[in-house]
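Participant: no sequence for this one, just the structure:
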């Protein structure tokens, strides 16, 4: 039997999500063979907790990229989230107020990023590169480049606690996955996000409030990032002004690897989740195999380049398919006219 005509092979080839799922399974098998400790309960839980921080931020980043923008400031936003939440926590002793303070910072930061892009018409790459430096510098100035320790021991259970056998961070990531999936697939707002990312000019002509939606998406993205920063501060029981350094590259590479197109308008929540799982398991596997952190950085860079290249190939394939379909329709039209 010709494998190219096999229904399963064709289905996998045509589905990015199935390809990613297959790649994830193969990666897990390879690492489990090379490192017996990979499939231990302790390592699995640690890996899931680490991936959860990427996922919490990643679902917000996914929305930003889907509308055709990007946010490079998420790493320094994590530091802002940790500092604001720990300061309020130590002042009030309330975990709830600490979380609320971090999320409110997310609204402010997201609004600033969004306004720079929508109102002042600054390219999101440049705008968020600038705010990346601003938020990081502000964190250093406010703390004097010194970490702030949590004075409420219960705060640490926010990230390190469990509900049954499932870590709290995994539950939070799971809830955000469900909400994002519902919004993108079953709401008008989700369809508007895809439409704006696919063709912002056509969306404007169709009457969609493009700038308003982009602003909302930037705020949602920053709130998700702040939530991941709060969870990170909880896990470390302190606010670190250097927290999140390089985190933006991890999040962006995971999302792009999951099939979210950098040009916007293309991608799914399931694909993004698989991209995060693949990158998280890869990093965990390299750590278990005692690979130098420098080589891990190189690997992450290669993954980013590979993900972008796959995105380019995917867009080229879609464009060729559309051209072929258009030619086929024209040929059919000509045949009918001749008849």
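Facilitator: Structure received. What you are looking at is a predicted structure, and each value in this text was computed from that prediction instead of being measured.

Participant: what sits up against stretch 292-306?
Facilitator: 249, 250, 252, 253, 256, 257, 279, 282, 283, 286, 287, 291 (Cβ atoms under 8 Å, 6 or more residues apart in numbering). In short, each C-beta sits where N, CA and C put it, glycine included.

Participant: could you redo the last one with a cut-off of 10 Å?
Facilitator: 246, 249-250, 252-254, 256-257, 275, 278-279, 282-283, 286-287, 291 (Cβ atoms under 10 Å, 6 or more residues apart in numbering).

Participant: Report the buried residues of it.
Facilitator: Buried residues in stretch 292-306, counting neighbours by 16 or more other Cβ atoms under 10 Å, are found at 300, 303, 304.

Participant: in the helix or strand encompassing residue 125, what counts as buried?
Facilitator: Residue 125 is part of helix 124-143 when elements are defined by DSSP states H and E. For helix 124-143, burial by neighbour count (16+ other Cβ under 10 Å) applies to 124, 127, 128, 131, 132, 135, 136, 138, 139, 142, 143.

Participant: Spatially nearest residue to the fourth one, not counting backbone neighbours?
Facilitator: Put plainly, it is residue 131. residue 73 (4.4 Å; Cβ to Cβ, 6 or more residues apart in numbering).

Participant: so who does the one you found touch?
Facilitator: Here residue 73 is in contact with 80, 109-110, 112-113, 127-136, 221-222, 225, 244, 248 (Cβ under 10 Å, 6+ apart).

Participant: If we use 7 Å, what do you get?
Facilitator: Residue 73 makes contacts with 113, 128, 131, 132, 135, as judged by Cβ atoms under 7 Å, 6 or more residues apart in numbering.

Participant: cool, residue 129 as well?
Facilitator: Contacts of residue 129 by Cβ under 7 Å, 6+ apart are residue 72.

Participant: before we move on, the earlier item: can you tell me the strand partners of the helix or strand just after the helix holding residue 125 and which way each runs?
Facilitator: Counting by DSSP H and E, the next helix or strand C-terminal to helix 124-143 is strand 148-149. Strand pairing for strand 148-149, using DSSP bridges, gives strand 238-239 (antiparallel).

Participant: Could you give the separation of the strand it pairs with from the chain centroid?
Facilitator: 23 Å (Cα atoms, centre = their mean, to the nearest Å).

Participant: Could you do stretch 60-78 as well?
Facilitator: With Cα atoms, centre = their mean, you get 7 Å for stretch 60-78.

Participant: and what of stretch 281-291?
Facilitator: Stretch 281-291 sits 21 Å away from the centroid of its parent chain (Cα atoms, centre = their mean).

Participant: Could you shift the numbering so residue one becomes 214, and keep it that way?
Facilitator: Let's use 214 as the start, then, which means that last one is stretch 494-504.

Participant: What residues sit buried inside that stretch?
Facilitator: 494, 495, 496, 497, 498, 499, 500, 501.

Participant: Repeat that for stretch 328-335.
Facilitator: Using 16+ other Cβ under 10 Å as the burial criterion, the residues of stretch 328-335 that qualify are 328, 329, 330, 331.

Participant: of the residues you listed, closest to residue 268?
Facilitator: Comparing those against residue 268 with Cβ to Cβ picks out residue 330 as the nearest, at 24.2 Å.
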